[in-house]
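**Student:** Coordinates for the following, if possible.
(2 chains)
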Amino acid sequence: QKEVEQNSGPLSVPEGAIASLNCTYSDRGSQSFFWYRQYSGKSPELIMSIYSNGDKEDGRFTAQLNKASQYVSLLIRDSQPSDSATYLCAVKGQNTGNQFYFGTGTSLTVIP
Amino acid sequence: DTGVSQNPRHKITKRGQNVTFRCDPISEHNRLYWYRQTLGQGPEFLTYFQNEAQLEKSRLLSDRFSAERPKGSFSTLEIQRTEQGDSAMYLCARASGAHNEQFFGPGTRLTVL
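**Tutor:** A predicted model of the protein is given here:
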């Protein structure tokens, strides 16, 4: 079982819609969760971090964490073509020192 | 700007050659990570430095890989006797805050022919 799993997509949404990206993780004791955006040929860019159960909002982005279900999600409201990218979920485990585990990413395309 | 620069940005080498990459974080960041990312995959942890000390190293890292961070400033990643399977993007990240939020440099893309 992989430490972090994401649906690889591709996910396509029309401009203005809500994009929903999902991630599950295997280490129940994980405490830190991150979402990165990666444009083709570029390095990952941190867009959200979340550490407590519930929702965290930042502009058009909302991260949701449910530790009991070992599930973290990212919602993008009012999706724009510039949001088209691969979204990576990253998790820092409880007993893995300072190692972070990344999912394989979900490719999002926002259709104008 | 994430405050991390990497050089070179691209490297093409022949199988069996040695290569070295450099990462320069802004000076006040003492925590630094190296990752490798292949096409269609997420970044894979290679090693972690706190100041000049290499505190963690992936068990997946073969003996051909070595990393250093002299004086806790810039860091280098060397790959000896490169293989075609080493072709990837090599990413350096500085870590910040209590949860080690990571900010990546632009990466070095290695192609082994």
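
**Student:** Put the alpha carbons of the helix or strand in which A:Tyr36 is found into CSV.
**Tutor:** Per DSSP states H and E, A:Tyr36 falls inside strand A:32-38. Taking C-alpha atoms only, strand A:32-38 is exported to CSV below (Å, rounded to 0.1, in the frame of the first residue of the first chain):
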residue,chain,number,x,y,z
SER,A,32,0.9,17.6,8.5
PHE,A,33,-0.7,17.7,5.1
PHE,A,34,0.1,19.8,2.1
TRP,A,35,-1.2,20.6,-1.4
TYR,A,36,1.2,21.6,-4.2
ARG,A,37,0.4,22.8,-7.7
GLN,A,38,2.8,21.8,-10.4
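
**Student:** Just checking: what are the partner strands of it?
**Tutor:** The pairing partners recorded for strand A:32-38 under DSSP bridges are strand A:45-50 (antiparallel), strand A:85-92 (antiparallel).

**Student:** Show the contacting residues for the most centrally placed residue in chain B.
**Tutor:** By CA atoms, centre = their mean, chain B has its centre lying nearest to B:Trp34, at 3.4 Å. B:Trp34 is in contact with B:23, B:46-48, B:67, B:75, B:77, B:90-93, counting by CB atoms under 8 Å, 6 or more residues apart in numbering or on different chains. C-betas here are computed from N, CA, C, even on glycine.

**Student:** Pick out the residue in chain B sitting closest to chain A.
**Tutor:** B:Gly42 (3.1 Å; CB to the nearest CB).

**Student:** Contact residues of chain A facing chain B?
**Tutor:** Residues of chain A lying close to chain B by CB under 8 Å from any CB of the partner chain are A:4, A:8, A:31-32, A:34, A:42-46, A:49, A:51, A:88, A:90, A:92, A:97-105.

**Student:** one step back: which residue packs closest to the residue nearest to the centre of chain B, ignoring adjacent ones?
**Tutor:** B:Leu46 (4.3 Å; CB to CB, 6 or more residues apart in numbering or on different chains).
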